[in-house]
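K.L.:
return a 3D structure for these sequence lines:
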Amino acid sequence: MFKIFSFGMGDLFNLGNIERIGGIMQSFLDNIDIEEFTKENEYSESSVEDNNISFIRMEEYDDMYLLTINLYGINIRELSIRYDPGIIEINLNRSEIQKSGLGILSRNMVVRKSYNKKFENIEEIEISRVLKSIDDGILSMRMPKKYLLENEYNIIEVESYEDNVDN
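P.N.:
Reported below is the predicted structural model:
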């Protein structure tokens, strides 16, 4: 075990010790920005453009695309999904909680981030048949493809061919 204070605790309240304690506390507080911990609701904003945004997912199937967005922290009025032939672009603002500070003097700060995600090489979508739903805070959009291309081709080999126009 070690001693934090170099003076005895028996005469803790003598004038010399109180000045030492005051000096120790002052040097400790000089290293901490008190204003950072006294602000209650501070918001900061940042912008994120990343293709690895985990709460936005796009899945492609043979006949449709499925877009899912976890709406936690998102004001749905600030969500924009834009479709142009070949591109789906999503813009949204999301509030996230970030810890700042040290140890017992830490606090939670609300950070507002703007996200932009773009999906390219999208086949044409039948806009009139798009289905939207929100279940348990997850926005799902089922977007059927306009022209369903079949991957299976039937090839018929012709061994002989006669052009018989008279019959």
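K.L.:
stretch 141-157 spans what distance, first to last residue?
P.N.:
43 Å (C-alpha to C-alpha, to the nearest Å).
K.L.:
for the record, mean pLDDT for that stretch?
P.N.:
The average pLDDT within stretch 141-157 is 73.
K.L.:
stretch 68-88 too?
P.N.:
92.
K.L.:
the protein: strands as residue ranges?
P.N.:
43-49, 56-60, 64-70, 80-84, 87-100, 107-120, 131-135, 138-144 (DSSP state E).
K.L.:
quick one: closest of these to Glu19.
P.N.:
Glu19 lies closest, by C-beta to C-beta, to one member of the strands of the chain: strand 107-120, at 31.5 Å. Where you see a C-beta, it was placed from the backbone N, CA and C, and this is true even at glycine.
K.L.:
between the closest one and strand 80-84, how big is the angle?
P.N.:
10 degrees (axes from the mean of the first three to the mean of the last three C-alpha atoms, to 10 degrees).
K.L.:
okay, the angle between strand 107-120 and strand 56-60?
P.N.:
Using the same axes, to 10 degrees: strand 107-120 against strand 56-60 is 20 degrees.
K.L.:
need the strands of the chain in JSON lines with distance to Glu159 and mean neighbour count, can you?
P.N.:
Output for the strands of the chain, formatted as JSON lines (distance: least, C-beta to C-beta, whole Å; neighbours: other C-beta atoms under 10 Å):
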{"stretch": "strand 43-49", "distance to Glu159": "58", "mean neighbour count": "10"}
{"stretch": "strand 56-60", "distance to Glu159": "40", "mean neighbour count": "14"}
{"stretch": "strand 64-70", "distance to Glu159": "40", "mean neighbour count": "18"}
{"stretch": "strand 80-84", "distance to Glu159": "48", "mean neighbour count": "12"}
{"stretch": "strand 87-100", "distance to Glu159": "47", "mean neighbour count": "15"}
{"stretch": "strand 107-120", "distance to Glu159": "45", "mean neighbour count": "15"}
{"stretch": "strand 131-135", "distance to Glu159": "48", "mean neighbour count": "10"}
{"stretch": "strand 138-144", "distance to Glu159": "40", "mean neighbour count": "17"}
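K.L.:
tabulate those (a markdown table), appending distance to Glu19.
P.N.:
Output for the strands of the chain, formatted as a markdown table (distance: least, C-beta to C-beta, whole Å):
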| stretch | distance to Glu19 |
| --- | --- |
| strand 43-49 | 40 |
| strand 56-60 | 59 |
| strand 64-70 | 56 |
| strand 80-84 | 62 |
| strand 87-100 | 33 |
| strand 107-120 | 32 |
| strand 131-135 | 63 |
| strand 138-144 | 61 |
